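[1] A predicted structure for the sequence below; I have some questions about it.
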Amino acid sequence: MSTDSGSFGSDAGLVVQALRDYLADSSDRRHGVLDQQVAEAIISELELEKWLREGDLGGAALAQWVQDYLARTTRLHHPGYLAHQVATPHLTGALGALIDATTNNAMAIYEMGPAASSIEYFMINWMLQKIGWKTVPCQQQMDEGSDHAGGVLTNGGSLANLTALLAARSAAVPEFWARGNPGNLVLLAPEQSHYSIKRAAAILGIGEDNCLRVAADGNGRTRPDQIPAQLSRLEDTGHQVIALVANACGTAAGLYDPLREIAAICESNGIWLHVDAAHGGGALVSKRLRHLVDGIELADSVIWDAHKMLRTPTLCAAVLVRDHRHLDHAFSQQASYLVHDKDQPGMDFLMRAVECTKSGLGLKLFMTLAAMGEKGLEAHVNHLVDTARECAAMIAEQKDFELAVTPETNIVCFRAGDDDAEQLEVRKRLVQAGNYYISTTGYRGCRWLRLVFMNPATGRDDISGLLEEIRAIRVELGKA
Ligand SMILES: *Cc1c(COP(=O)(O)O)cnc(C)c1O
């Protein structure tokens, strides 16, 4: 049996060796950043059917199989990885995932994972303190008489948005849980919001059509001056706003909404402010960038993904609320076999999350941070943003490229020529060549090439090389 602890050490050694070779090949560009084969071919080449039939994956066969698997992955440690907001993970954080999988302390309740739960509680408090919110010792966490902040870690920003907006819904319309939608509810969100906001509106029974846009400027940034008029129109028509969403930052171009001004309007109108800081929450760990999220402390809820700018392996997202009671009351439901009066030395997070069984998400974040140190993390975030801004300035100087907007964070949108289809064709050819993996986005009414700087090893020279490769593609296309 290859699963007993007898072979664990030697098998783990083989896996780690394969991973080390993989990481070296990736960072030295000895392999393309991605190489997409047809799914059926991969299934066949990795002999998936054979392994299910025969079992006994271990030893030299395991080592070979892992190498074959790794050869078919998308390499986030390759300097040409510029496509998505998923972290190039810290390897100590990755070891956290191994420890978590091995111990399997599925900590819906404290007794199923005291260390994992304590770390989750600790990391939540670390995040709350970065926002500037009040934290209390664990024993007082569920205290109904106190207005301290609280949170929970969950499996991704999309689920975090859903959970935060559920808390907003429960606060605005407590009877919704039992009786359903009274019929006049709306959610306000910027057009540049992540799609998970509209999806949450639909899942929460508010309806995607009742997720209304707030006015934005030409770059898609919310215009606070337009909100009061929209609110009074909604009031005149008998609508109730369950929350207003602000971006910190938006998904396409990474711009931050003016949180302090938006918060003042929400405050004076008694509206829940939800800040989606899934990506841009990274600014909270940087003294230099903190101003981008100025006013975030005035929000009612915030979500923040550690698996984006904080280098943590997927997934680790936080739902954070200024008043813990909103999250404690979000799910108005009891699971009697798990939740009952019990004397225990820690807290159960299950009543704050969609999940019941949940992995030790905080361990990966903690181990990443413990390896880098807070100063190291701050330097990492600053470096990603500095590199993106420098490269944007370089792109802006080229006559044959257009920069969409001066970046505020590590996301850069630009294009070559003015044909939307051409941007898609350029990306397709880049991805096929495998030296660079970038994305495209719709923004300000047209299509842009989009770079997200996640790998600390990506530098200016990589972007010069990318521009040269795009130029060569445009020559092939007869566009230059
Ligand atoms: C990435 C992102 C999300 C979704 O988070 P996942 O972890 O991918 O589910 C939501 N909002 C914003 C602004 C994001 O950048």
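    Nice, I can see it. Numbers count the residues shown, from 1 in each chain.

[2] when you work out contacts or count neighbours from here on, use the C-alpha atoms and nothing else.
    Will do.

[3] any idea how far Thr409 lies from Thr251?
    Relative to Thr251, Thr409 is positioned 11 Å away (C-alpha to C-alpha, to the nearest Å).

[4] more neighbours: those two, which one.
    Remark: of Thr409 and Thr251, Thr409 carries more neighbours, 27 against 21, as counted by other C-alpha atoms under 10 Å.

[5] in what helix or strand does that one lie?
    Under DSSP states H and E, no helix or strand contains Thr409.

[6] repeat for Asp386
    Using DSSP H and E, Asp386 falls within helix 361-397.

[7] domain map for this protein?
    What automatic domain parsing lists as the domains of the chain is 10-72, 99-368, 373-476.

[8] just put those in JSON lines and tack on mean pLDDT.
    JSON lines is the format used below for the domains of the chain (pLDDT from 0 to 100):
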{"stretch": "domain 10-72", "mean pLDDT": "97"}
{"stretch": "domain 99-368", "mean pLDDT": "94"}
{"stretch": "domain 373-476", "mean pLDDT": "97"}
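
[9] can you redo those as JSON lines with distance to the ligand?
    As requested, the domains of the chain are arranged in JSON lines below (distance: least, C-alpha to the nearest ligand atom, whole Å):
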{"stretch": "domain 10-72", "distance to the ligand": "20"}
{"stretch": "domain 99-368", "distance to the ligand": "3"}
{"stretch": "domain 373-476", "distance to the ligand": "11"}
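
[10] just these: most buried one?
    Among the domains of the chain, judged by mean count of other C-alpha atoms under 10 Å, the one packed with the most neighbours on average is domain 99-368 (a mean of 20).

[11] if we can go back for a sec, for the domains of the chain, give me CSV that also has distance to Tyr81.
    Formatted as CSV, these follow (distance: least, C-alpha to C-alpha, whole Å):
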stretch, distance to Tyr81
domain 10-72, 6
domain 99-368, 14
domain 373-476, 5
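
[12] which of these sits closest to Leu82?
    domain 373-476 (4.9 Å; C-alpha to C-alpha).

[13] gap between the closest one and the chain center?
    20 Å (C-alpha atoms, centre = their mean, to the nearest Å).

[14] and Asp328, how close does it get to His148?
    Asp328 is 12 Å from His148, by C-alpha to C-alpha.

[15] same deal with Val275?
    18 Å.

[16] likewise for Ala480?
    Distance, Ala480 to His148, using C-alpha to C-alpha: 60 Å.

[17] next, the most centrally placed residue in the chain: phi, psi?
    Nearest to the geometric centre of the chain sits Asp305, at 4.0 Å (C-alpha atoms, centre = their mean). The phi/psi pair for Asp305 (degrees, to the nearest 10) reads phi -90, psi 120.

[18] for the nearest residue to it once chain neighbours are set aside, give me its contacts.
    Spatial nearest neighbour of Asp305, chain neighbours left out: Ala317 (4.1 Å); criterion: C-alpha to C-alpha, 6 or more residues apart in numbering. For Ala317, the contact set (C-alpha atoms under 8 Å, 6 or more residues apart in numbering) comprises 153-157, 160, 278, 303-307.
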